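Q: need a 3D model of the sequence below.
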Amino acid sequence: MIKRNLGTTLLLIIDFVTIFFMLQSALFVRKNILPYFLQFPEFPQIDFTFFWWIYPVWLFFFIYEGLYTKRFSFWDEVKMLWKVVVFSTLAMFAILYLGKIGEQVSRTVLVLMCIISIPVLPIVRTNAKNLLMHAGLLESKVLILGAGKTGQLIFNALKRDRNLGLNVVGFLDDDPGKIGRNIGGIKIHAGVDKAQKYIGRCGIENIVIAMPGIEKKKFVSLVNKLQHKARNILLIPDLFGITVMGTDLQHFFEEQAIGIEIKNNLAQPVNKFIKKVFDLITSCILLLILTIPMIVIAVLIKITSRGPAIFSQKRTGRNDTTFKCYKFRTMYNDAEARLNNLLATSEEARNEWGRNWKLLNDPRITKIGRFLRQTSLDELPQIFNVLKGDMSLVGPRPVTEEEINEYYKDQAKLCFGVPPGVTGLWQVSGRSNTSYDYRITLDSWYVRNWNLWLDIVILLKTVRVVLKKEGAV
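A: Next up, the predicted model:
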């Protein structure tokens, strides 16, 4: 408890210093950089304490969003921090209006602070949390009840997302065959009913109950016994494979029951409109940024091999419509002849092609084409497909009709009820290192779980994947 309180206090101080840094950066840009490019009135000489009221505004929203009391996964924390940025900026402008002090405070500074905060705040705060957790100040001990497949899945999830700060210290299980074994170096102990003893003896604050096959009466009794012993209890029901995003809990108090409400987000016209507007605005911004690089790539393709710089392929779009999908050309003109020759002479190549419809060492690909594929720059012309309405920035992978008939089958209607995407969950989940069946699973999961924040996360993760060339061919 003392360590956690110390860690929370240090995190609050770090947030305060970060706000100070962002404000000073905004003031510096306004006073020393912008006047070189735009005409501004001379900035008044004011003491930095003049902006004292900004700090309580920002810290209020940190507290309001639970950033000192709740544990978030990495991307959920980024989302909360960006909400803090937006709400704090709106609140500052409201104070200027209501307090009638708009003439004394530069609104440009507040806008600049907002812009600076979007990248700086998540980077500083998540790294600061990692340091504090590494020092043992924000970490919380977790005991997992159940060492079966579900328990292992949860253990891997908690280990993968260190931003949660949940450190698994042990497993409890009643299966004699599991007792004494290890999962990821963590020992499995006997007796689920002994959880209360471990909570007090080992300073455990969080309990995860990962026993989907447990008898109902025993399960209810276990939860009721542990509820007031542990700080938090996480229940993992046997509901794998259903929609997880956009779900709400419904409470039925008199019956002492809960229900899970599952929504079809993409069936709502307003969500379709939001996704469309997001695609158009983001695509226009990307086109402005990438026009010169795309021209350079087109010139390099033309001077290194014969043929057009951009080519199109027929792909299946939303509701079985076909469209021309644009890409930078990455293959030789006689690509099909090269492929047929290889498949006719190599059984290994035939098997690889049958599994993935791709080859690791594809003889059809040019030298510049291999680089474009490794960095996914060959897909940049698909921005024009997005602007035309054929594709979305994020969505299921665009495929041919043959692939749908052979692989997608009963999943096709679900996956292609929305426009295919330039990027998607498959591209940020291993790309060419994943099997074709797994790609289809990811595409269907994306459609069932869509929300705007999921699109934003996938786009941000795509940048990282492209820069690291993860899973590329």
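Q: for the longest helix anywhere in the chain, name the packing helices and strands.
A: Longest among the helix segments of the chain by residue count, using DSSP state H, is helix 269-304. Applying 3 or more C-beta pairs under 8 Å, 6 or more residues apart in numbering; DSSP states H and E, one finds that helix 269-304 contacts strand 322-328, helix 367-375, helix 382-388, strand 392-394, helix 452-468. C-beta coordinates here come from the backbone N, C-alpha and C atoms, glycine included.
Q: which of these sits most buried?
A: strand 392-394 (a mean of 26; mean count of other C-beta atoms under 10 Å).
Q: moving C-terminal from that strand, which element do we reach first?
A: Following strand 392-394 in sequence order, the next helix or strand is helix 401-403 (DSSP states H and E).
Q: what mean pLDDT does that next one have?
A: For helix 401-403, the mean per-residue pLDDT is 80.
Q: buried sites along it?
A: Using 16 or more other C-beta atoms under 10 Å as the test for burial, helix 401-403 gives residue 403.
Q: and it, what does it pack against?
A: Checking 3+ C-beta pairs under 8 Å, 6+ apart, helix 401-403 ends up next to no helix or strand.
Q: can you list contacts of the helix or strand just after that helix?
A: As assigned by DSSP H and E, the chain's next helix or strand after helix 401-403 is helix 412-415. Contacts to helix 412-415, defined as C-beta atoms under 8 Å, 6 or more residues apart in numbering, come from residues 396, 404, 408, 440, 443, 444, 447, 448.
Q: wait, the fifth one sits on residue 399?
A: Meaning residue 443. No - using C-beta atoms under 8 Å, residue 443 is not in contact with residue 399, being 9.2 Å away.
Q: more neighbours: the two, which one.
A: residue 443 (26 against 23; other C-beta atoms under 10 Å).
Q: phi, psi of the more buried one?
A: According to degrees, to the nearest 10, the main-chain angles of residue 443 amount to phi -60, psi -40.
Q: same deal with residue 182?
A: phi -120, psi 150.
Q: residues contacting the residue nearest to it when sequence neighbours are not counted?
A: Counting by C-beta to C-beta, 6 or more residues apart in numbering, the nearest residue to residue 182 once its immediate chain neighbours are dropped is residue 188, at 7.0 Å. Contacts of residue 188 were listed using C-beta under 8 Å, 6+ apart, and they are 147, 170, 171, 172, 173, 178, 179, 180, 181, 182.
Q: if we go to 10 Å?
A: 144, 146-147, 151, 170-173, 175, 177-182 (C-beta atoms under 10 Å, 6 or more residues apart in numbering).
Q: in PyMOL, how would I select the buried members of those?
A: Buried subset of the contacts of residue 188, written as a PyMOL selection, criterion 16+ other C-beta under 10 Å:
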select buried, resi 144+146+147+151+170+171+172+173+178+179
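Q: from the contacts of residue 188, which land in strands?
A: 144, 170, 171, 172, 173, 182 (DSSP state E).
Q: of the contacts of helix 412-415, which is the most crowded?
A: residue 396 (29 neighbours).
Q: need phi/psi at it.
A: Per degrees, to the nearest 10, the backbone of residue 396 is at phi -60, psi 160.
Q: find the nearest non-adjacent residue to it, please.
A: In space, and not counting its chain neighbours, residue 396 is closest to residue 443: 3.9 Å by C-beta to C-beta, 6+ apart.
Q: just checking, the one you found touches residue 404?
A: No - the pair residue 443 and residue 404 does not pass the contact test of C-beta atoms under 10 Å, sitting 11.2 Å apart.
Q: hey, what's in contact with both of the two?
A: 411, 412, 415, 416.
Q: using JSON lines, lay out those together with neighbour count and distance to residue 234.
A: As requested, the shared contacts of residue 443 and residue 404 are arranged in JSON lines below (neighbours: other C-beta atoms under 10 Å; distance: C-beta to C-beta, whole Å):
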{"residue": "411", "neighbour count": "17", "distance to residue 234": "31"}
{"residue": "412", "neighbour count": "21", "distance to residue 234": "36"}
{"residue": "415", "neighbour count": "24", "distance to residue 234": "31"}
{"residue": "416", "neighbour count": "23", "distance to residue 234": "36"}
